[in-house]
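Novice: Following is a predicted model, sequence given first.
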Protein chains: 4
Amino acid sequence: MALIGKKRGILERLDAGEVVIGDGGYVIALERRGYVKAGHWTPEAAVEHPEAVRQLHREFLRAGANVLQSFTFYSSDDKLEISGNVLNFTGQQINEAACDIVREIANEGDALVAGCVSQTPCYLDTKNESEVKAIFRKQLDVFIKKDVDFLITEYFEHVEEAAWAVEVLQSSGKPVAATLCMSPEGDQHGVSPGDCAVRLVKAGARIVGVNCHLDPMCGVKTVKLMKEGLEAANLKAHLMLQPLGFHTPECNHGGYLNLPEFPFALESRAITRWDMQKYAREAYNVGIRYIGGCCGFEPYHIRALAEELAPERGFLPPASEKHGLWGTTLATHSKPWVRARANREYWETLLPASGRPKCPSMATPQD
Amino acid sequence: MALIGKKRGILERLDAGEVVIGDGGYVIALERRGYVKAGHWTPEAAVEHPEAVRQLHREFLRAGANVLQSFTFYSSDDKLEISGNVLNFTGQQINEAACDIVREIANEGDALVAGCVSQTPCYLDTKNESEVKAIFRKQLDVFIKKDVDFLITEYFEHVEEAAWAVEVLQSSGKPVAATLCMSPEGDQHGVSPGDCAVRLVKAGARIVGVNCHLDPMCGVKTVKLMKEGLEAANLKAHLMLQPLGFHTPECNHGGYLNLPEFPFALESRAITRWDMQKYAREAYNVGIRYIGGCCGFEPYHIRALAEELAPERGFLPPASEKHGLWGTTLATHSKPWVRARANREYWETLLPASGRPKCPSMATPQD
Amino acid sequence: MALIGKKRGILERLDAGEVVIGDGGYVIALERRGYVKAGHWTPEAAVEHPEAVRQLHREFLRAGANVLQSFTFYSSDDKLEISGNVLNFTGQQINEAACDIVREIANEGDALVAGCVSQTPCYLDTKNESEVKAIFRKQLDVFIKKDVDFLITEYFEHVEEAAWAVEVLQSSGKPVAATLCMSPEGDQHGVSPGDCAVRLVKAGARIVGVNCHLDPMCGVKTVKLMKEGLEAANLKAHLMLQPLGFHTPECNHGGYLNLPEFPFALESRAITRWDMQKYAREAYNVGIRYIGGCCGFEPYHIRALAEELAPERGFLPPASEKHGLWGTTLATHSKPWVRARANREYWETLLPASGRPKCPSMATPQD
Amino acid sequence: MALIGKKRGILERLDAGEVVIGDGGYVIALERRGYVKAGHWTPEAAVEHPEAVRQLHREFLRAGANVLQSFTFYSSDDKLEISGNVLNFTGQQINEAACDIVREIANEGDALVAGCVSQTPCYLDTKNESEVKAIFRKQLDVFIKKDVDFLITEYFEHVEEAAWAVEVLQSSGKPVAATLCMSPEGDQHGVSPGDCAVRLVKAGARIVGVNCHLDPMCGVKTVKLMKEGLEAANLKAHLMLQPLGFHTPECNHGGYLNLPEFPFALESRAITRWDMQKYAREAYNVGIRYIGGCCGFEPYHIRALAEELAPERGFLPPASEKHGLWGTTLATHSKPWVRARANREYWETLLPASGRPKCPSMATPQD
């Protein structure tokens, strides 16, 4: 499916009113596949095991992603130093390897490559703008060298640091999308979603939104508040959401790190493909056009987004060759009670049981 | 890590009292990755997308599997014909491709290759022994040509058909392991686990046990009944278990197909790595030495088996480089309440919440 | 509603094929009303607070009970001595008071009075038949003096002791009903329900069954096993069931005492009136004709039994004046969504939420 | 325990800083006992079955209540007319009978009698102040004639109507306590708790607070908002709370009427005595000194309030003679695992199971 000619850019697509499907979460998925260390969450696998990263990129691509993010989460030098990077790869090595891999796979389809930076330990340690900005600039150098299509700031808990990152990245001339991991209550300093959005756009972001930390329905609410903040300030930006693939109804701004189940017992919170379709629809309805996922989003979750929004987009993703919409492939099953599940109403109204009668349905977030 | 010299065979290992770690489930994992069609569950991806199959094999290998099963589930010609095999690959094409892939990856480590056959539509349609046996013989021809290390009959609901398969496969001179998907109540014809075990051993199986359909704790009970049946009949065989990676406390012999959540809303039933360690220990304690998984077992679940039994085996699997035992990598986390989770007692006693307060904890199996 | 002439006896009614509705549980209800001490469960309130006992009897009568049991649970002298009977009432004082109260209220309607004995500490201490029988004889003397209509042995964990009690009580010439608190696995010595039934009938019981310890659906199963045991032995007796008013799906022969919630946190296990109607129907369908309740049965639960079986009995109980069958009184509610609940299907299919998302749905029984 | 001399009045007690324990819910308790019709909830039992009302009053008194409310809920003539008052008692008849009963029982201990009015159908029909006030005046005439100790307006959904009631009642010179059934979001017209409190105090209420509709923890929050509203307005009043005895975490200002379980399947939501102790402590800690209950509060729940606040009050209620604090009466139980429950930590940390694995833990409120 290699395409001829230059791909249309992220802003070109969004300005035209298209839906852009994002990809899913890398670190949780690769932890479960055996390539990332929980707690550290650093992406040295880009150097150590490129085939594993390549395959996950490819699965998101097949699932319908229009953007593949470089596997460069937490790969600033200060973060790598305090984590389990036992072979002492530099941030530059990892970031370059990640860029090469993601470009290779993006070229297998119609996907753009986004170079990604995330929050730094340096920010909390020093609060020093020039030191923090120097870190982002170093990462940006790789992204420019490897000519990514656009840039994303993600997993920032403080809008101040995110705005610094945006300021650095936008200097490259490439479009910048900025997401925070925050709740409707705002960032960790209590800045409201509306104010965060304004600040990020003023720093130069063309796309703003939310990623990680909380579940999709919570994310839709927060991005809606960002939208209202922008409208009140007479600013314009595209909206983006890449939430958790886990149900977190009891969480607030501390996010899922505060759940007792984080990070090794989140299984029962995983969201079904059907709930993902609801999420895609709700996100679309509030005006979000860049719709993807974060931790917990497996390839089939991304496919669910693409299938829900197929009427708007006009096509299904490649992986839908292996998926009957709303379970229709069950229609020929040998057991009649399984055949009876081959329809939308069945899956849309099902309340799935946990199979864990000795477990609660909600936890008490810790902090 | 390629090894020099011939690998020790499955019986050699089991006769020596070693623990053999099996691999996990292919069709559910590859469905979620976008390569298998639910309801059909046929393995044409071995031809269409070998890189995806290869990568999953590799992940199970890294997780500690000593056996990699050929991705040949349901690939008898009669089954392929009634399923979604739109490109009309023959069983032979698929089985040959699968054998090549699995051998390539097995040679990256110390793993054996098992050629696998599963139940046939023909059995229920005709009950004709010679027709059914002809199907197995055709599959066996490929396994002999590709020189697999041993053979497995898996996912048989009727011991009669499984025994026919064993009779065919053992004629090759290669060791045969025979598993049924049954509950403590026996197979779908009501033959007890003890009687099933006796029948399979008499047919020529050297290893007997259970796979799929029910959760690990239920599987341990069923295999224990098989063991007692063999003892009562003065027969000897090694014991094997490859259960579901989903909690199914309310299921009986109909298995998880009868759950309303099958196959598209099983997320909340997924078992944690910690419960897998409990399973490995209980299986070991009742004398099972071939311990693996089936549908729902992701690579990290296999790693959990290998980690639990590391004291008995004397080593950890490669993927444990990316995993702190019992969560120890959390010990350096920046948030103190996450650091407090870096210990065995925490994870062993945690009762994980589902995050779904509007869902029940048990369903009513249908049939 | 005082009746003229002598009431028809318990056997007269059952022999005629009538349904006899029993009463509910006294000690749990009166504990919550402030008159019984949990853990001791002795009935000195019959002397101390007769008005409270009288009122509860009356409520069961209004709810449709055809039998009112004397409030003489655990009132053997040996039990009273080791319990919280701080005022040192004798068993005789309590039993006489209880008989007077129950007769007074039974005469307000068409109810019979049953004199009740329950298991003794003496049995477990001594296993001495003559000592144990002497205790029952002492209680029987009061029941004869007060001329109860028939006798019940209830809450016996060992059929041996129950049979001794039956032998004593039947010597009076009054009909004896004998219930054990046991599961389908049998009594605490492992005697099967069928064998228990045979033994009790041979000892002289005309009615046999189960009370307390487990929930209604479990009780129906156990009584069915008793019935089959009697049939196999060519014996005849009427069947009786007075189970818990709490859901106990995870309990076995140890009963609800082994639940972590016993006795002070059983609230969320309480059964609704609608589930009680299901119980009444199932009990009737397996041939049980004496249908009542034990701990956890409040007056409205007894009313539910009487309402479910009103077609068979031909009349509704007095308390149904204050109850619309299947919620029909909601039909005039001011809020339309409450009005929509005024029908049988609504209540029959409702799966009530616990309002406790941090609590599990099943516990691990202790022992 | 009849007292000599005049009892100290409600304001005298509260002004002295004493804790006043209220009583529990009458209509739900008497519905279950067979004397009140659900959906109508009118108190004609005061005439029809005074013994039942008397007994429930007495149980609340024994449990520690310092106030017994007249059983006059919904007994305005307009409400009686549209309800199931088949014998056509007038409001006056019912209210007089209720006053006689409650005074008789209050005199058995140190309890005050409160005459109670509740919202009228007339308000929603007409919004006519003089018509509505005429209804309250008619009820007040009875309360004056029967010389109740003080007056309560309860179960008002609109502060406007409650304020009218207060204006009428305070004209008698007797102290008036005013409670609304509202959430932290305010009354049904959206008036905030703080504003409601101010309005009720300005109308003449000396005690303000919340009753019914929502659970205790929600009630504490709402009353805290009322307190803050009064402080901001430089007004003073005593605070009162009589919440539901059911867990309603998913409800908002619509209250428990919107739960699918209302009113016939609320069992599993019932609150334990231990949670009631937590409620009493939290209510006390925010400054509430009149602490009682509403629908779902059984006598043992009121006892739990009195036991929790015994250190502050200096004494235990009569019914504590039949209750070991924190389960201590289990210390002599014959089974060791039950004995192990005889302590505070056990009950305080227990997460009680529902015994209903097929039911959810939260519902979707309807409206």
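Specialist: Looks like it arrived, so ask away.

Novice: tell me which residues of stretch A:52-60 are tucked away?
Specialist: Of the residues in stretch A:52-60, those buried by neighbour count under the rule 16 or more other CB atoms under 10 Å in any protein chain shown are A:Ala52, A:Val53, A:Arg54, A:Gln55, A:Leu56, A:His57, A:Arg58, A:Glu59, A:Phe60. No exception for glycine: its C-beta is placed from N, CA and C like everyone else's.

Novice: in the stretch 1-150 of chain A, which ranges drop under the pLDDT threshold?
Specialist: Segments of the stretch 1-150 of chain A classed as low confidence (criterion: pLDDT under 70) are A:1-5, A:84.

Novice: mind listing the strands for it?
Specialist: Per DSSP state E, counting those that start in this stretch, the stretch 1-150 of chain A carries strands over the ranges A:20-21, A:67-69, A:112-118, A:150-156.

Novice: now those as CSV including distance to chain B and mean neighbour count?
Specialist: Below are the strands of the stretch 1-150 of chain A laid out as CSV (distance: least, CB to the nearest CB, whole Å; neighbours: other CB atoms under 10 Å in any protein chain shown):
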stretch, distance to chain B, mean neighbour count
strand A:20-21, 14, 24
strand A:67-69, 15, 27
strand A:112-118, 14, 26
strand A:150-156, 13, 26
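
Novice: Tabulate those strands (JSON lines), appending distance to C:Glu48.
Specialist: As requested, the strands of the stretch 1-150 of chain A are arranged in JSON lines below (distance: least, CB to CB, whole Å):
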{"stretch": "strand A:20-21", "distance to C:Glu48": "74"}
{"stretch": "strand A:67-69", "distance to C:Glu48": "75"}
{"stretch": "strand A:112-118", "distance to C:Glu48": "71"}
{"stretch": "strand A:150-156", "distance to C:Glu48": "68"}
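
Novice: re the thing from before, of the buried residues of stretch A:52-60, list those near chain B.
Specialist: Counting by CB under 8 Å from any CB of the partner chain, the subset of the buried residues of stretch A:52-60 that neighbours chain B consists of A:Ala52, A:Gln55, A:Arg58, A:Glu59.

Novice: Could you report the distance from the residue lying closest to the first one once chain neighbours are set aside to B:Ala63?
Specialist: Going back to what we said before, that points to A:Ala52. Distances taken as CB to CB, 6 or more residues apart in numbering or on different chains place A:Tyr35 nearest to A:Ala52, at 4.8 Å, with adjacent residues excluded. Separation of A:Tyr35 from B:Ala63 (CB to CB, to the nearest Å): 11 Å.

Novice: One more: A:Ser75?
Specialist: Between A:Ser75 and B:Ala63 the distance, using CB to CB, works out to 25 Å.

Novice: residue contacts, the residue nearest to A:Gln188 when sequence neighbours are not counted?
Specialist: Take A:Gln188 and drop its neighbours on the chain: the residue closest to it by CB to CB, 6+ apart is A:Glu157, 4.4 Å away. A:Glu157 is in contact with A:Gln119, A:Leu180, A:Cys181, A:Met182, A:Asp187, A:Gln188, counting by CB atoms under 8 Å, 6 or more residues apart in numbering or on different chains.

Novice: A:Met226 is in contact with A:Ile207, isn't it?
Specialist: No: contact status for A:Met226 versus A:Ile207: not in contact, 10.9 Å apart, counting by CB atoms under 8 Å.

Novice: who touches both of these two?
Specialist: When contacts are counted by CB under 8 Å, 6+ apart, A:Met226 and A:Ile207 are jointly contacted by A:Leu239.

Novice: the more surrounded of those two?
Specialist: Counting neighbours by other CB atoms under 10 Å in any protein chain shown for A:Met226 and for A:Ile207 shows that A:Met226 has the greater number, 30 against 23.

Novice: From A:Tyr256, how far out is the more buried one?
Specialist: Computed as CB to CB, the A:Met226 to A:Tyr256 distance reads 20 Å.

Novice: now A:Met217
Specialist: When distance is defined by CB to CB, A:Met217 is 14 Å away from A:Tyr256.

Novice: just A:Phe264 next, same as before
Specialist: For A:Phe264, the distance to A:Tyr256 equals 12 Å [CB to CB].
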